[in-house]
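Asks: return atomic coordinates for the entry below.
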Amino acid sequence: MYDNTNDDHEDTAREGACQPPAGGAASGAGTGSTPVSGDADETAGQEPVKGASSEQDTSIPALVETPAAPRKLTSTAQTRGLLMLMLSRVRIATAAQLASVITREGTGVGYMRRGLRDLRALGFVDYGRHSREMVWHLTTLGQRTVAEGGDVAMRPHAATGERAIAAGLAPHGLAVTDVIVKWGGSLIDWEVEVDHTIDKVRRVVSDAVLYRPSRGAEVEFLEMDRFTMSVSRLAMKLRAYEAYSQATYFEGERGTIGSTKSLWRQRYPDSRLFPVVRVVLGGREDVDALDRRTAALEQRIRGIRLRVDVAALPRLMETPSNKWAWQPIGLTDEQAQAHARRAA
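Replies: Residues are numbered from 1 along each chain as shown. Here you go, the predicted structure:
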């Protein structure tokens with residue numbers, strides 16, 4: 001934990017400090033003539049070049065310009081490692097979001113920014129802008145470095161978040177990060193944008209998956225809604241989860257009896273029940289409007305064979321996570337258990 005309340009102001013000029021000075025010793029090796037002290041002629045004894053003019057200096061070969069060394073780092077290796085791990089889990093985040101987890105009571109935002117600038121100078125992270133705010137993400141090199149560290153498993157070809165920020169899609173990812181950070185517990189337990197393939201044409205991509213046992217399952221699914229899609233579209237995604245929960249595959253050699261098994265159990269074999277889908281409704285500060293959206297969504301998915309819990313983002317942000325209140329709009333735990341017994 002760090003308690004550094006230096007709120008270092010972020011701006012383009014300050015970020016430019018990440019780059020090594022153009023006139024530094026490392027970069028100036030071959031960029032101009034260097035005066036030689038003393039009166040000795042350093043060309044003495046060397047053979048003149050045929051055809052060279054008397055004013056042409058042919059005694060010293062041109063030097064190959066080498067990359068400049070990064071500036072002096074101003075953060076600890078522990079802080080940089082924590083920042084890398086966090087960004088590998090949430091994909092994109094602001095310095096304030098990162099500080100709320102790494103430092104005491106969210107202080108030390110300035111120190112987080114210094115750590116991020118150090119990582120950027122090393123090529124491990126970069127940032128894009130959402131409005132006037134810097135949104136940080138790992139680079140491809142950063143992802144590879146985290147994977148080599150062995151603390152977390154990185155999916156092959158996972159997106160860095162750079163294109164999402166550039167395309168103006170940062171608000172959705174930042175809202176997911178808000179929920180993950182506020183949820184509490186180890187961030188290592190989270191993974192964002194998890195693809196669940198149902199068949200050759202259908203799949204459902206979870207905004208995030210929490211790998212922490214809960215209510216008869218080894219994971220929980222998180223869906224973030226920012227009022228950008230219709231209730232019908234949101235209901236369709238929940239129906240896709242239902243389809244995933246009902247999908248089966250055949251296990252056995254060709255020509256044998258074999259057996260039919262649930263597809264989702266292949267991925268989550270230690271779960272007794274299909275995981276709960278947590279839907280967080282945001283995009284509005286008006287909780288009454290979010291409550292009306294909850295009621296409309298419940299009507300749309302009536303009869304769904306799935307546990308679905310809903311909460312409004314403004315309420316979650318102002319309440320400790322151990323006191324969060326979720327409204328069930330699908331099966332209850334008891335109904336899910338009875339359904340699992342009938343399907344067995």
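
Asks: for the spatially closest residue to residue 339 that is not a sequence neighbour, what are its contacts?
Replies: Leaving aside its chain neighbours, residue 339 sits nearest to residue 305 (6.1 Å; criterion: Cβ to Cβ, 6 or more residues apart in numbering). C-beta here means a position set from N, CA and C on the backbone, and glycine is covered the same way. Residue 305 is in contact with 242, 245, 246, 330, 331, 339, counting by Cβ atoms under 8 Å, 6 or more residues apart in numbering.

Asks: for these, which single residue is the most surrounded?
Replies: If you count neighbours using other Cβ atoms under 10 Å, the busiest of the contacts of residue 305 is residue 245, which has 25 neighbours.

Asks: assign that one to helix, strand or coil.
Replies: helix (DSSP: H, G, I helix; E, B strand; the rest coil).

Asks: ok, the closest residue to it other than its chain neighbours to residue 116 distance?
Replies: Excluding its sequence neighbours, the residue lying closest to residue 245 (Cβ to Cβ, 6+ apart) is residue 274, at 4.4 Å. Taking Cβ to Cβ, to the nearest Å as the measure, residue 274 and residue 116 are separated by 39 Å.

Asks: same question for residue 75.
Replies: 8 Å.

Asks: show the pLDDT at residue 253.
Replies: Residue 253 carries a pLDDT score of 70 in this model.

Asks: can you list the weak-confidence ranges in the chain?
Replies: 1-71, 105-107, 156-157, 252, 254-258 (pLDDT under 70).

Asks: which residue ranges of it form strands?
Replies: For the chain, the strands defined by DSSP state E occupy 92-93, 125-130, 133-138, 190-197, 203-210, 220-225, 248-251, 259-262, 277-281, 308-312, 327-328.

Asks: most tightly surrounded among the ones you listed?
Replies: Stretch with highest mean neighbour count among the strands of the chain: strand 92-93 (a mean of 27; mean count of other Cβ atoms under 10 Å).

Asks: the spatially closest residue to residue 337 that is not a sequence neighbour: what's it in contact with?
Replies: With Cβ to Cβ, 6+ apart as the criterion, residue 337 has its nearest non-adjacent residue at 6.6 Å, and that residue is residue 273. Residue 273 makes contact with 215, 216, 217, 307, 333, 336, 337, 340, according to Cβ under 8 Å, 6+ apart.

Asks: swap the cut-off to 7 Å and go again
Replies: Taking Cβ atoms under 7 Å, 6 or more residues apart in numbering, we find residue 273 in contact with 216, 217, 336, 337, 340.
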